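1. heads up, no residue letters with this:
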């Protein structure tokens, strides 16, 4: 594996994947909507190109010369059309481009909880995207699918969000407080991506990437407050109030902290079901604990 095309490489997970591929001596072409992508462009084996990943012709032009492609592109908030565009149509178009150009190796990062019958648009669209990719396997696509739980790290948008919130709020009213998660360290996810690329026995497999600890959302928020040095009272909201909170947040400018679709996702726990191989099958025998990782980081 010498040259990899990476979609979503300038985001939180993508930056760590770029670093891991660099350490492995792999050249990476990062596709981004806008330049400069300062988070990765200074890495010695990274080339950043500006292109629209939703342009099929652009994908077909970029793929030749690469040994594999990694798709990290995803959104957390949106309507039915936007989820379909990013989570279903993009993987389908990318797979068609791979088959047409002969660049058949792909690692696709989906999400734990992807389910065609899931309660949220997010979960259903993730599963539909996987199905679109699987339909191209018969045409030669060599596919590995990774399904991470919520991903944490020093610069994540999850623990840090709740840490910042508790630095200014007297208490935290929380929807979905009892939903359980198995947060996974971003560097473990990056290692898993590289391992999947380097080992042909991962082709045709679906992996669940989950950390060694299970937390309720309430416990995660409390942990974020303690880490930030601003622990606050966290109050779980009943269903009706949680719905109203999510609706109100959707009306605020900018990406919402919580949407009704996020709330729907939290009707089911975001934990590994044990029916698929996990991190240990992807070269990560001992997954990092959230409390160990954040204990090493400075308080904010």
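-> Noted; the coordinates are in hand. Please read all numbers here as calculations on a predicted model, not as lab measurements.
2. Extract the residue ranges of this protein that are flagged as low pLDDT.
-> For the chain, applying pLDDT under 70 flags the ranges 35-38, 41, 295-300.
3. Isn't residue 144 up against residue 207?
-> Yes - counting by CB atoms under 8 Å, residue 144 does reach residue 207; the two are 7.4 Å apart. (Glycine included, C-beta is placed from N, CA and C.)
4. what's the overlap in contacts for those two?
-> Residues touching both residue 144 and residue 207 (CB atoms under 8 Å, 6 or more residues apart in numbering) are residue 196.
5. could you list every residue that touches residue 151?
-> 12-13, 158, 183-186, 189 are the contacts of residue 151 under CB under 8 Å, 6+ apart.
6. Okay, and which of those residues map to helices?
-> Judged by DSSP state H, the contacts of residue 151 include 12-13, 186, 189 as members of helices.
7. Which one (most neighbours) among these?
-> Counting neighbours by other CB atoms under 10 Å, residue 189 comes out on top of these with 26 neighbours.
8. Skip the chain neighbours and tell me the closest residue to it.
-> residue 148 (5.3 Å; CB to CB, 6 or more residues apart in numbering).
9. how about the strands in the protein?
-> 3-7, 27-32, 46-50, 68-71, 105-109, 142-148, 151-152, 171-174, 180-181, 184-185, 206-209, 215-216, 233-236 (DSSP state E).
10. Name the stretch among those that sits most buried.
-> Of all the strands of the chain, strand 184-185 has the most neighbours on average by mean count of other CB atoms under 10 Å, namely a mean of 28.
11. elements contacting that strand?
-> Packing contacts for strand 184-185, counted by 3 or more CB pairs under 8 Å, 6 or more residues apart in numbering; DSSP states H and E, involve strand 151-152.
12. Residue 65 and residue 3 touch, don't they?
-> Yes - using CB under 8 Å, residue 65 is in contact with residue 3, at 6.3 Å.
13. coming back round to it: columns distance to residue 133 on top of the strands of the chain, output as CSV?
-> Putting the strands of the chain into CSV (distance: least, CB to CB, whole Å) gives the following:
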stretch, distance to residue 133
strand 3-7, 13
strand 27-32, 18
strand 46-50, 23
strand 68-71, 9
strand 105-109, 6
strand 142-148, 6
strand 151-152, 21
strand 171-174, 35
strand 180-181, 25
strand 184-185, 21
strand 206-209, 11
strand 215-216, 31
strand 233-236, 37
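14. and residue 222, which of those strands is closest to it?
-> Go through the strands of the chain one by one with CB to CB and the one that ends up closest to residue 222 is strand 233-236, at 5.5 Å.
15. Could you report the neighbour count for residue 160?
-> Residues within reach of residue 160, counting by other CB under 10 Å, total 19.
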